[in-house]
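Chemist: model this:
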Amino acid sequence: MTYTSYARFLSSVLRKVKVTSAFIFILFLAGACSGREVISEESDMGMEEGLEEVPVAAYDGKLLAQVIFDTVEYIMPHQELMQPFIREFGDGTVVDKIMIRKVQETKEDKPAYYLVGLGIRNGAFRSMALSLDLAADNSLYLSSKGAKHICQASAGCNFCFFTFSGNEITGCECGSRSTGNNCSHKFSEGNNLLKDVQLRNQPRDEKR
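Modeler: Okay, the predicted model is just below:
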């Protein structure tokens, strides 16, 4: 083989080697990109599987009143709430008075409103206060998540006051400070006062 022929042969082999190397490099890049896409897809699927939507319970508040110029205008008839309060006490307490009261210790405190029922059980005073929701239009709603406070008077106490701090009820106190006259306080995070109760002042599908 002459020098010229050998040079041509060597040049042809080098060109084939370069083409083969370039082809292998392209295959390597394609494989790497495909691998990244698979990893990305698996990662996205894992994130989607991990994020489960938590169902939000529908608001069940019912309209009871509205605050107009610092005055509570009742929308619901009081007599409609007598039996629900008696049922909510659940101990034979007979409720004879219902009202809505504002709780605000100082002007700096945001006012809070409570639906209050007063009654008697075996001659002893009982009271219940349920926390109301104040809407943007100053409407007052009672929902099943409204906190419940109950005051129970001892035999020598004729009347119990709710005590509060800021705008929250914290306990009960007997109107008479005589020794032995006291009131016990019970607290619950929710209530069933208006469960299955249809008030005449609103349609069945009314929502806040």
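Chemist: which SSE is the closest residue to Ala153 other than its chain neighbours in?
Modeler: Computed as C-beta to C-beta, 6 or more residues apart in numbering, the closest residue to Ala153 that is not its neighbour in sequence is Phe125, at 4.0 Å. Just so you know, the C-beta spots here come from the backbone N, C-alpha and C atoms, and that holds for glycine as well. Here Phe125 is covered by strand 124-131, with elements defined by DSSP states H and E.
Chemist: what residues are bridge-paired with the residue nearest to Ala153?
Modeler: According to DSSP bridges, the residues that bridge with Phe125 are Ile120.
Chemist: mind listing what it touches?
Modeler: Going by C-beta atoms under 8 Å, 6 or more residues apart in numbering, Phe125 touches Leu118, Gly119, Cys151, Gln152, Ala153, Cys157, Asn158, Phe159, Cys160.
Chemist: mind listing what the fourth one touches?
Modeler: When contacts are counted by C-beta under 8 Å, 6+ apart, Gln152 is found next to Ala124, Phe125, Arg126, Cys160, Cys172, Cys183, Ser184, Lys186.
Chemist: and this protein, what are its domains?
Modeler: With automatic domain parsing serving as the domain definition, the record reports that the chain contains domains spanning 1-53, 62-188.
Chemist: which element, helix or strand, includes the spatially most central residue of the chain?
Modeler: Centroid-nearest residue in the chain, with C-alpha atoms, centre = their mean: Lys145, separated by 7.8 Å. In this structure, Lys145 sits in neither a helix nor a strand according to DSSP H and E.
Chemist: equivalent analysis for Phe85, please.
Modeler: With elements taken from DSSP H and E, the one containing Phe85 is helix 82-89.
Chemist: what residues does that helix touch?
Modeler: Outside of helix 82-89, the residues within contact range by C-beta under 8 Å, 6+ apart are 93-96, 98, 117, 119, 121, 126, 128, 148, 150, 191-194, 197.
Chemist: would you mark the buried spots in it?
Modeler: Within helix 82-89, the residues that qualify as buried by neighbour count (16 or more other C-beta atoms under 10 Å) are Met82, Pro84, Phe85, Ile86, Glu88, Phe89.
Chemist: now distance to Ser176 and pLDDT too, for these, in CSV please.
Modeler: Shown next, in CSV, are the buried residues of helix 82-89 (distance: C-beta to C-beta, whole Å; pLDDT from 0 to 100):
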residue, distance to Ser176, pLDDT
Met82, 27, 94
Pro84, 30, 96
Phe85, 25, 97
Ile86, 26, 96
Glu88, 27, 97
Phe89, 23, 97
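Chemist: what part of this protein, helix or strand, is modelled with the least confidence?
Modeler: The helix or strand of the chain with the poorest confidence is helix 3-50; it has a mean of 48 (mean pLDDT, DSSP states H and E).
Chemist: following that helix, which helix or strand comes up?
Modeler: Once helix 3-50 ends, the next helix or strand along the chain (criterion: DSSP H and E) is strand 62-68.
Chemist: now that next one against strand 124-131, angle please.
Modeler: Between the axes of strand 62-68 and strand 124-131, defined by axes from the mean of the first three to the mean of the last three C-alpha atoms, to 10 degrees, the angle is 80 degrees.
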